[in-house]
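A.B. asks: Turn this into a structure:
(2 chains)
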Amino acid sequence: MPQIKNLDLSKALKKILDPTRIIEDELERKLYSYDSSFLSVQNSYCPDIVVIPRSTREVSEILSFAFENNIPVTPRGAGSGETCGCVPAKGGIVMDLSTWNAVEEVDAQNMQVMVRPGIVHARLNEHLEKFGLFFPPDPGSTRMCTIGGMVANNSSGMRAVKYGTTEQYILGLEVVLPDGEIIITGGKNCRSLKNVSGINLTKLFVGSEGTLGVITRVRLRVWPRPRARGIAMASFDSLDQAPLAVLDVYTAGILPSGIEILDQSAIRAVNLYRPEINLPSCEAILLFEVDGNPASVQWEGEQIADIMKKQPAKVEWSTDPQRMAALWQGRSVVATAAARLRPDGTRVFAGEDICIPLNRVAESLRMIKSLGKKYQIEVVAYGHIGDGNIHTALVINPDSPDEVDRLGSLVDQIHRLAIDLGGTTTGEHGVGMVRSAYSLLEHGNALGQMRIIKKALDPRGIMNPGKIY
Amino acid sequence: MTLFEKNVMGEYLKKCVRCGQCRYVCPVLEVAGRESASPRGKVFLAGLLQRGEVKPGSRADSILSLCLTCGACAAECPSGLPVDNLIKAARRLSASAFPHKPHRIVQRSIFSKLQTLEKLPGFLPLMRHVIALKYGLKTGIPARSIIPAITYPETRKPRFRVGYFLGCATNYILPDIAKSVVAVLTHLGCEVVIPPTSKCCGIPLSTAGEAEAAARLMEINRSSFKNFKLDAVLTDCSSCSFYLTENGFYSSDSQPVYEFSEFLVNVLNPDKPQIELAGEAIACHSPCHYRYGRKLSHQIRQLIDLIPGAKVVEIPGGNSCCGGGGTFSLTHSSISDNILQRYTGRVKSAGIQKLTTVCPSCIMQIGRGLRSHEVSVCHPAQILNTAYGLPD
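C.D. replies: Predicted coordinates for the structure are as follows:
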């Protein structure tokens, strides 16, 4: 907790940055008390003050001041996270980095780009399009999340099957450490695409959820845009068939750029929200996206259609940009469209991001559905089945205390189930406050080593306290 | 049931998952750069007010005022929430808690009783002075004073008898638009009726949270037009068109209160004008209430394409909000200017010589931003007026 009064806090911060970028007003501070998690609906985590820095020097001076006075600092991007990762669990300073969003340099010849943390993912890719480049990780929250948030949570998304997660694209970071020191990871003047010199500090900060320092600049690797894309939509009469069909595609030597699943409830939700997408009514749909050159896209599309006949599944193959956009949009709206299934309900983000070994996905889907029945809560399953990352949208009436109680039990069961099956409680959204209770169960004594690292870099524990460890 | 009922508002608010996708399209957030300027922040605040966790007051008013009500957020929301209307509903909670604050009384009086106020000595001169100062515009005599209540086509039996909803900005500030609208419509064979008792459409009051006062205006307008047997009602302003269509100008009919370009393209199917335009590069600006409110897209462009020699140029980076937002440009001039400059910067870079749009507020705002660059900003009715060779 802050050791100094808010008045002094404000006075000191005003010496560092323009007062118009400091928020003291109580009501305005409340607007920094939430993210997208249900936990932040149930509880309010209000900062003592909010700052909006615009330079590395400002961030450094703020941290240096906070370090000296033992004041918690919580970095915040767009606040689109689902784990309370960016809310100030212990009060103190919230650092709003969401509009510090410059693309400082596109070094097209060296296939890399330098950005400030607040640039929104879709905005970056719009910018890169002019250069024939793209940043491949593709979160469903592309029009919400910032690159800084993606780095801090090692986010991924629908194309992780082929392109992997954010960490594979981070060549280097500028980070301000809790005591205000500024470091550059990945080589201080480096523009090379590979670098194994020294301990990989870049990877230490990727996914550290703002608990080790503040990321102020990101050197990202970017790729040439594929020349063609196609989507095969396979519809199954039985949910069990879908995970098996995914394994069949891999066995045939095909690596789609994305493989997404929608269960029966998810299909219903999409059709309620966007009837024009007109998804077939069945137990499960798989969307296989393939990309590359036009000939290989066509060939892979035909192969996938052949493989699907085995299950059997009906297949729609499309390279029409409009239809592809509609199908992909259908997938991306499920996250919130799930609320349509219940007029008095809403989709809550809790227990929504488990990742399961591929050979146990079918089993996990069955078990989750039966848990939903047990706790009488609608479970909408969808997500990145290609890497076993299943999103479970839980639809409840948040005004009903009984439902909220049942939700708590169901979420706990889902998290434990994921660990029991050899998976994890989170594939891409992170730990934050929502999943820290499972850290020991997931990592055993490795958690102790994480705490040692945290203590070494942040001896006073000011960086985003109350998360992960 | 309306959104203004507290429980209905609560049901909508419950469905906001605070994902933040609305932030992506919000012109105010882009400039102001803080959560209080984002639609999500204001929806969160609406929830606090609706549940009684925060009391209405000047701080809440100040945050809620940071919205142009452009509707981009509602079109973007994955949960399908009417985000702009939720913000208006929150403003209403505040307005109904303090209905007698001086600025509220003034606001209600101005928009409810403009036709009475204009008769007061000094009122019109004062308005002219403010408009000249802010927008560099010389306002003439109000359109209603010079255009008859009914204008007949000169040469033929009317094809349609149309009601012309003459909005406040056109009437008092840009009366030439009204003259062109009437001239073009009559040229195309319409009998044009401007009901003398019609008033402000109500959108400025509704936007300010004055739902009851706005509803009273709607009632007056409805009965003003009902007295005439009309085939359709249209307006030169996309905001009036949006507001009247959405808020029950027709109690049971699904027919819209047409926006001018929509009426010409979708209903009248106008002849090709004879007079050629001298190759000016023209850009078509789609106002927010035209795009997001009425969900129109191609009608302005289609009208300009009719004109021989017209060279339509795309605005680099596409259409954006101009930052006008009715009175927003007066109450939040710094944010409004910043939004405007980002947009006009793109217009200037494309060598555009003329910009046309169907909203008087956009015309005033963009016109102010492009004044020093000699780009003329006008209504498509004015371009058609010239192209048909009609008297100015």
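A.B. asks: Any regions of the chain where pLDDT drops low?
C.D. replies: Defaulting to chain A. Along chain A, segments meeting pLDDT under 70 span A:1-7.
A.B. asks: To clarify, I was referring to chain B.
C.D. replies: Applying pLDDT under 70 to chain B flags the ranges B:1, B:4, B:6, B:252-253.
A.B. asks: For it, identify the residue most remote from the centre.
C.D. replies: Relative to the C-alpha centroid of chain B, counting by CA atoms, centre = their mean, residue B:53 is the outermost residue, at 33.8 Å.
A.B. asks: and it, what element?
C.D. replies: Per DSSP states H and E, residue B:53 falls between elements, in no helix or strand.
A.B. asks: which SS state does the closest residue to it other than its chain neighbours fall under?
C.D. replies: Ranked by CB to CB, 6 or more residues apart in numbering or on different chains and with sequence neighbours excluded, the top spatial neighbour of residue B:53 is residue B:47, at 8.0 Å. The way it works is simple: take the backbone N, C-alpha and C, and place the C-beta from them, glycine included. At residue B:47 the chain is in helix, as set by DSSP: H, G, I helix; E, B strand; the rest coil.
A.B. asks: my guess is residue B:47 meets residue B:13, correct?
C.D. replies: Yes: using CB atoms under 8 Å, residue B:47 is in contact with residue B:13, at 4.6 Å.
A.B. asks: My understanding was that residue B:104 contacts residue B:205; is that so?
C.D. replies: No: taking contacts as CB under 8 Å, residue B:104 lies outside contact range of residue B:205: 9.9 Å.
A.B. asks: wait, doesn't residue B:388 sit right on residue B:272?
C.D. replies: No: using CB under 8 Å, residue B:388 makes no contact with residue B:272, being 9.9 Å away.
A.B. asks: These two - which one has more neighbours?
C.D. replies: residue B:388 (19 against 10; other CB atoms under 10 Å in any protein chain shown).
A.B. asks: and that one, what is it in contact with?
C.D. replies: B:183, B:184, B:187, B:273, B:274, B:275 (CB atoms under 8 Å, 6 or more residues apart in numbering or on different chains).
A.B. asks: For the second one, which three-state class applies?
C.D. replies: It refers to residue B:184. Residue B:184 ends up helix, using three-state DSSP.
A.B. asks: my read: it touches residue B:386, true?
C.D. replies: No: counting by CB under 8 Å, residue B:184 stays clear of residue B:386, with 10.1 Å between them.
A.B. asks: okay, the two: which has more neighbours?
C.D. replies: residue B:184 (27 against 15).
A.B. asks: List the contacts of the more buried one.
C.D. replies: So residue B:184 contacts B:264, B:381, B:384, B:385, B:388, B:390 (CB under 8 Å, 6+ apart).
A.B. asks: Could you report the neighbour count for residue 126?
C.D. replies: Picking chain A for this. Residue A:126, neighbours per other CB under 10 Å, totals 12.
A.B. asks: try again with chain B
C.D. replies: So residue B:126, with other CB under 10 Å, has 10 neighbours.
A.B. asks: That one - that's part of a strand, no?
C.D. replies: No: per three-state DSSP, residue B:126 lies outside any strand segment and is helix.
A.B. asks: Tell me how far it lies from residue B:145.
C.D. replies: Noted for residue B:126: a distance of 18 Å to residue B:145, by CB to CB, to the nearest Å.
A.B. asks: Which one of the contacts of residue B:388 sits in the busiest neighbourhood?
C.D. replies: residue B:184 (27 neighbours).
A.B. asks: ok, and residue A:404, which helix or strand is that part of?
C.D. replies: helix A:401-420.
A.B. asks: helix or strand right after that helix?
C.D. replies: Taking DSSP H and E, what comes next after helix A:401-420 is helix A:439-443.
A.B. asks: how about that next one as PDB, C-alpha atoms only?
C.D. replies: In PDB, the C-alpha atoms belonging to helix A:439-443 read as follows (Å, rounded to 0.1, in the frame of the first residue of the first chain):
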ATOM      1  CA  SER A 439       0.000 -21.700 -10.000                       C
ATOM      2  CA  LEU A 440       1.400 -24.200  -7.400                       C
ATOM      3  CA  LEU A 441      -0.700 -27.000  -8.700                       C
ATOM      4  CA  GLU A 442       0.500 -26.400 -12.300                       C
ATOM      5  CA  HIS A 443       4.200 -25.700 -11.600                       C
END
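A.B. asks: Which other helices and strands does whichever helix or strand comes after that helix contact?
C.D. replies: Note on helix A:439-443: by DSSP H and E, the next helix or strand toward the C-terminus is helix A:446-457. With contacts taken as 3 or more CB pairs under 8 Å, 6 or more residues apart in numbering or on different chains; DSSP states H and E, helix A:446-457 sits against helix A:439-443.
A.B. asks: For the helix it packs on, what is the distance to the chain centroid?
C.D. replies: Mean-position distance between helix A:439-443 and its chain equals 20 Å (CA atoms, centre = their mean, to the nearest Å).
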